[in-house]
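K.L.:
need coordinates for the below:
(one chain, ligands or ions: 1)
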Amino acid sequence: LRLRDLDGLIAVPSLSHPHFLEAHHFATKVGLLPKDDVVVRTLDTGGAGPITALLEAKRMVESESCQAVAIVAGDAVGGMDSSTFLERADAGCRPSHVDESSPQFLPSPVIPHGYARCTNYHMDRFGTTREQLAMVSVLMSRSAVQHPDALTRSPRTLEEVLQAPQVAPSVGLLECARRADGGAAMIVASSRFLERRRTARRGNGGSGDVVILGGGEASGPLYPPPVIDEEMFSCEQAVRNAFTACQLEPDDIDFFGLYDCFPICFVRAVEAVGLAPKGGGGDWVEARYRESEEAGGTLSPAKFPVNTHGGLLAFGAPWEVPAMYNVHEAVQQLRWTAGERQVDRARRALVYGNGGIFSASAVALLGRAVDE
Ligand code: CAA
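P.N.:
Now for the predicted structure:
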């Protein structure tokens, strides 16, 4: 593929290197613009951005006659000094109209404190335990060590996670999205474009191609409301919209790429996608943790077909980029090229991105094209 084959580009904003019209900035810098008949767009749904972009790229191919749309995301929050990072991250989600006496006030670090409020709501309402939350981080680290590009190179123990410095109530340092520098790109192309290229190259084609079946999105408030209840969460609705759009059910999915910026996000996602019943996400995590312990601290993709790359907690989290890694891992799973991490004969995958503090949810369902 050459740069001039692209007729669409979507970019998500960067926290470390913000630019006006990010996609235009990028397209101009790499030489895609100026060119006739190119559409470039910057999309901001926070960490849901890459999945929103995937769905937008599908629409661009279907409704705007695009042949190949690139989605690009990059950030360098790992390299930022702590105070600059927190200044910018805090500003994004701080409820500026409330003062310190209000129960809605979020001290710095604002994002972990926002998730802590949601964590405590979930613990109180459904009985999820502190240990179950910490187990999410252990499981992610056990997955990450299987991936050559993951930041986390050795698995964590439950004790390590529980004893890490507390960042916010019920949230320890090893339960925060792991700040990282990183980037990723993917290209969504029309079937006609791929067929033309195959004919030109006399390729066999078909086998291992991945298609976007459809998806759904939903929105919640930018920061938790004074009283937290089920209404503020948006993941469940996005999942329902995705399954309805594709006429599929949880049992049809072989691999799940779930957003896990904090354990509560993962636990709620496990429930939303149907791996566990409502309120049962913590027990599901604990059951997978116990199975992993019995297997000597290893994780089998057959028993845990989720975030086989390690997710935000352990693979690494460059701000709005990490849902791209969920998609990349899903594509490898559907191409049957994930090696030791492979979920046997995976045919369909669900990828989920979350922006802000459950503020934006985007879910896409991907499928392996029928082999020729
Ligand atoms: N696993 C392993 N190590 C971790 C870790 C993790 N999950 N998180 C942090 N660490 C390590 C760091 O690598 C660092 O190690 P070194 O000292 O060896 O470099 C050490 O712990 C200290 O971390 P920081 O340098 O980050 O420490 P800090 O004191 O500057 O800040 C913090 C601590 C406030 C918790 C900060 O790490 C933080 O804010 N983390 C959360 C990041 C965040 O909010 N990301 C966005 C999540 S929400 C989302 O994704 C949605 C969206 O829309 C973007």
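
K.L.:
phi, psi for residue 160 please.
P.N.:
phi -60, psi -40 (degrees, to the nearest 10).

K.L.:
show me what contacts it?
P.N.:
Contacts for residue 160 (CB atoms under 8 Å, 6 or more residues apart in numbering) come out as residue 174. C-beta: built from backbone N, CA, C; applies to glycine.

K.L.:
quick check, central residue of this protein?
P.N.:
Nearest to the mean C-alpha position of the chain, counting by CA atoms, centre = their mean, stands residue 323 at 2.9 Å.

K.L.:
in a helix, that residue, correct?
P.N.:
Yes - according to DSSP: H, G, I helix; E, B strand; the rest coil, residue 323 belongs to a helix.

K.L.:
gap between it and residue 224?
P.N.:
21 Å (CB to CB, to the nearest Å).

K.L.:
and the protein, which residues reach the ligand?
P.N.:
Contact residues (CB under 6 Å from any ligand atom) of the chain with the ligand: 46-47, 82, 89, 109, 111-112, 167, 173-174, 176-179, 261, 313, 317, 319-320, 354-356.

K.L.:
in strands, which of those fall?
P.N.:
Residues of those located in strands (DSSP state E): 167, 354-355.

K.L.:
if you rank those by neighbours, which is first?
P.N.:
Neighbour count (other CB atoms under 10 Å) singles out residue 354 as the most crowded of those, with 33 neighbours.

K.L.:
doesn't residue 48 make contact with it?
P.N.:
Yes - using CB atoms under 8 Å, residue 354 is in contact with residue 48, at 5.7 Å.

K.L.:
which residues do these two both contact?
P.N.:
Counting by CB under 8 Å, 6+ apart, the shared contacts of residue 354 and residue 48 are 259, 323, 360-361.

K.L.:
now the nearest residue to residue 30 once chain neighbours are set aside: how far from residue 67?
P.N.:
In space, and not counting its chain neighbours, residue 30 is closest to residue 3: 6.8 Å by CB to CB, 6 or more residues apart in numbering. Residue 3 sits 13 Å away from residue 67, going by CB to CB.

K.L.:
can you give me how far the longest helix along the chain is from the chain middle?
P.N.:
Longest helix in the chain, counting residues (DSSP state H): helix 110-126. In this view, helix 110-126 has its centroid 19 Å away from the chain centroid, taken as CA atoms, centre = their mean, to the nearest Å.

K.L.:
what helices or strands is it leaning on?
P.N.:
helix 82-93, helix 130-144, strand 166-168, strand 171-172, helix 263-272 (3 or more CB pairs under 8 Å, 6 or more residues apart in numbering; DSSP states H and E).

K.L.:
which residues touch the first one?
P.N.:
Contacts to helix 82-93, defined as CB under 8 Å, 6+ apart, come from residues 15-16, 77, 80, 106, 108-111, 114, 179, 222-223, 356-357.

K.L.:
before we move on, back to that, the longest helix of the chain vs helix 130-144, what angle?
P.N.:
For helix 110-126 against helix 130-144, the angle by axes from the mean of the first three to the mean of the last three CA atoms, to 10 degrees is 120 degrees.
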